[in-house]
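Trainee: Just a sequence and a predicted model for now, questions to come.
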Amino acid sequence: MLEVIILALALSMDAFAVSIGLGSKPVDSHRKLAFQAAVYFGLFQGLMPLIGYLGGKGLLGWIEVYAPWIAFLLLLFIGGKMIFEAFSEGIEDDIAQITQRVMLTLAIATSIDAMAAGFALNLLEANPFVACGIIGLVTMLMSAIGVYIGKRSGTWLESKAELLGGVILILIAIKLVLS
């Protein structure tokens with residue numbers, strides 16, 4: 001279960017970083033924005049790994065021998081991408097107004113990686129539905145916190161969160177191959 005919590009924290013870093021960026025913007029109500037970020041990001045971050053898990057479950061019979069290496073490559077790629085994104089400009093910098101459409105787009109964009117990471121759930125000794133629930137709840141919490149951090153401190157922590165998430169995913173990838 002500890003692996004699932006660590007995976008949830010790593011996957012939530014993308015949404016956390018975007019939430020910090022959103023929180024740094026002038027809005028009418030940061031409380032409303034924190035709620036929206038928590039719901040949108042948490043819901044999508046919880047559902048996407050389940051899709052990845054189910055897709056991987058269907059393929060597992062054919063590729064079972066290679067599954068740890070496939071999970072390793074996926075997590076390595078996602079972690080590397082997060083590290084790369086930590087050193088580039090955030091997507092939320094270009095957002096003039098935070099609408100429902102913008103939140104939906106950001107939720108999908110930040111959770112695509114979680115779908116690929118869901119494949120790795122096939123290799124963990126955890127109930128995938130519980131794992132996805134934990135991922136969603138952790139992301140909800142981190143997203144709400146991110147909005148308030150962004151409101152108070154601006155975006156200086158944003159890239160550090162993505163960097164940490166990327167490093168954690170790479171470490172999980174290495175652990176999957178070594179075990």
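Mentor: Nice, thanks for sending it over.
Trainee: contacts and neighbour counts: CA atoms only from here.
Mentor: Will do.
Trainee: does M115 really touch G56, like I thought?
Mentor: No: here M115 does not reach G56: they are 10.0 Å apart, not a contact under CA atoms under 8 Å.
Trainee: which element is R152 on?
Mentor: helix 128-153 (DSSP states H and E).
Trainee: In contact with the spatially closest residue to Y148 that is not a sequence neighbour, which residues?
Mentor: Residue nearest to Y148 in three dimensions, not counting chain neighbours: G23, with 6.0 Å by CA to CA, 6 or more residues apart in numbering. For G23, the contacting residues are H30, L33, A34, G146, V147, Y148, I149, G150, K151, G154, by CA atoms under 8 Å, 6 or more residues apart in numbering.
Trainee: repeat that with 6 Å
Mentor: Shown in contact with G23 (CA atoms under 6 Å, 6 or more residues apart in numbering): V147, G150, K151.
Trainee: Name the spans of the chain whose pLDDT lies under the cut-off.
Mentor: Counting by pLDDT under 70, the ranges of the chain that qualify are 59-61, 63-65, 67, 89-96, 155-158.
Trainee: what's the nearest residue to A86 if we skip its chain neighbours?
Mentor: Nearest residue to A86, sequence neighbours excluded (CA to CA, 6+ apart): S159, at 4.3 Å.
Trainee: what sits up against whichever strand or helix holds that neighbour?
Mentor: Take DSSP H and E as the rule and S159 turns out to sit in helix 158-178. With contacts defined as CA under 6 Å, 6+ apart, helix 158-178 is touched by A10, M13, D14, A17, P68, F72, L75, L76, G79, M82, I83, A86.
Trainee: Name the residues of it that are buried.
Mentor: Buried residues in helix 158-178, counting neighbours by 16 or more other CA atoms under 10 Å, are found at 158-170, 172-174, 176.
Trainee: Over to stretch 124-137?
Mentor: Within stretch 124-137, the residues that qualify as buried are P128, A131, C132, G133, I134, I135, G136, L137, counting by 16+ other CA under 10 Å.
Trainee: Specify which member of these is nearest to Q45.
Mentor: Within those, the smallest distance to Q45 is 5.4 Å, found for G136 (CA to CA).
Trainee: Look up how far L73 lies from that closest one.
Mentor: Distance of G136 to L73, given as CA to CA, to the nearest Å: 23 Å.
Trainee: With G46 instead?
Mentor: To L73, G46 is 21 Å away according to CA to CA.
Trainee: now swap in A38 and tell me
Mentor: 29 Å.
Trainee: Comparing the two, which residue is more hemmed in?
Mentor: Neighbour count, other CA atoms under 10 Å: between A38 and L73, A38 has more, with 27 against 16.
Trainee: The more buried one - nearest residue in space that isn't next to it in sequence?
Mentor: Computed as CA to CA, 6+ apart, the closest residue to A38 that is not its neighbour in sequence is M140, at 4.0 Å.
Trainee: Understood, closing this out.
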